[in-house]
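> dropping the sequence and predicted coords here.
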Amino acid sequence: MAYVEIIKRGNKQYYHLTKNVRLGINKWKKIRVYIGEKKPLKKELEKHARKVEESAKALIKHANYLYISDHDAETLQDIKEGYKDWLKKTPKSLKEKLNEDFMIRFTYNTNAIEGNRLTLRQTALILKDKVIPSGVRANDYNEAINGKECLDFLREYKGDFNEAMMCKINGILTKNTDTIYGGRVRFFDVKIQGSSHVPPPHSEVKHHLLNLFKWYSKNKRKLHSFELAVLVHAKLTWIHPFEDGNGRTARAIMNFILMEKGYPMFFIPFEKREAYYMALEKADKENYREYTSDLVALIIDQIRSYGHKKK
């Protein structure tokens, strides 16, 4: 879809109608049509939109994505470009403030999905103001501290997704909690409360992880970045390789993959946890197309905040 893009030069700003056109699986070209120095009216946008679409027709190639729709892929690319521009234009002080806000919201939501009792306000008091609210359980407090440490680790980590990195993340997320074998691939069977999915027996976990890492290496340049990230997430939650913190670990790694590909990080909102669990059930049945579409729907409004203004 085309969107209005404002390019600033000196004290002036110039309006363009812009469309990201796919040239391959992860290759895109930006087409711009100059509109003027004033905010365009709806009729002007419609006229220029026809020019953009005509220019795009000659370039568009169908990438034959496995699971993501063309519409969702284009929307995510628009957001990626918007995020790239946001990073360039936003002052460091404001970026730090917004990153702190994201860290608080990510930590609150990803922990709340797994049963952490802290409110968003309590999470902010702990992580921003260094205050321990009265009556807070030690486990809940430590999970909040661990969430921040995990994000800090991901932003500094320079390697790739592998077993050592996966175990490191789980170790951080479960540190100083009731988890006994945090950061260690399980050597015992587990069950997931409230889920029909039965994780594979411990004797098969290493085998499934090896297949996952092989699959990742084979597909990390073939799949759309969002497909790659959400499928790694689904496969990890299915394997359930740890005693505890599997969901949090999978969501952290999903964000790491997207961040490495130039996308903004996101969280699954706590209030949408039922839709999230239903999406994972589709993935468990290898219905990856609907699962991928559901994940886009869960997070799209959240990450649009960095993005484009639709035509």
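Right, received. Where do you want to start?

> separation between Leu125 and Asn109?
Shown here: Leu125 relative to Asn109, a distance of 16 Å by C-beta to C-beta, to the nearest Å. C-beta coordinates here come from the backbone N, C-alpha and C atoms, glycine included.

> over to Gly36?
Gly36 is 42 Å from Asn109, by C-beta to C-beta.

> who has more neighbours out of those two?
Asn109 (23 against 11; other C-beta atoms under 10 Å).

> check the more buried one and give its pLDDT.
Looking at Asn109, its pLDDT stands at 96.

> need the three-state assignment for it.
Of the three states, Asn109 takes helix according to DSSP: H, G, I helix; E, B strand; the rest coil.

> for it, what are its contacts?
Shown in contact with Asn109 (C-beta atoms under 8 Å, 6 or more residues apart in numbering): 267-270.

> dump those to JSON lines, plus neighbour count.
Conversion of these to JSON lines gives the following (neighbours: other C-beta atoms under 10 Å):
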{"residue": "Phe267", "neighbour count": "21"}
{"residue": "Ile268", "neighbour count": "24"}
{"residue": "Pro269", "neighbour count": "18"}
{"residue": "Phe270", "neighbour count": "17"}
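
> which one of the residues you listed is nearest to Ser195?
Ile268 (15.8 Å; C-beta to C-beta).

> where does the closest one land in three-state SS?
Assigned by three-state DSSP, the conformation of Ile268 is coil.

> Gln302 is in contact with that one, correct?
No: using C-beta atoms under 8 Å as the test, Ile268 is too far from Gln302 to be in contact (9.3 Å).

> wait, Thr107 touches Asp140, no?
No: shown here, Thr107 and Asp140 do not form a contact pair, counting by C-beta under 8 Å, at 11.1 Å.

> look at those two and report which has more neighbours.
Thr107 (28 against 20).

> for that one, give me its contacts.
123, 127, 144, 147-148, 151.

> need the buried ones from those residues selected in ChimeraX.
Selecting only the buried entries of the contacts of Thr107 in ChimeraX, with 16 or more other C-beta atoms under 10 Å as the criterion:
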select :123,127,144,147,148,151
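
> among the contacts of Thr107, which are located in helices?
Using DSSP state H, the subset of the contacts of Thr107 located in helices is 123, 127, 144, 147-148, 151.

> and those, which is closest to Ile7?
Nearest to Ile7 among the ones in helices among the contacts of Thr107, counting by C-beta to C-beta, is Leu151 at 31.8 Å.

> do you know how far that closest one is from Ala252?
From Leu151 to Ala252 the distance is 8 Å (C-beta to C-beta).
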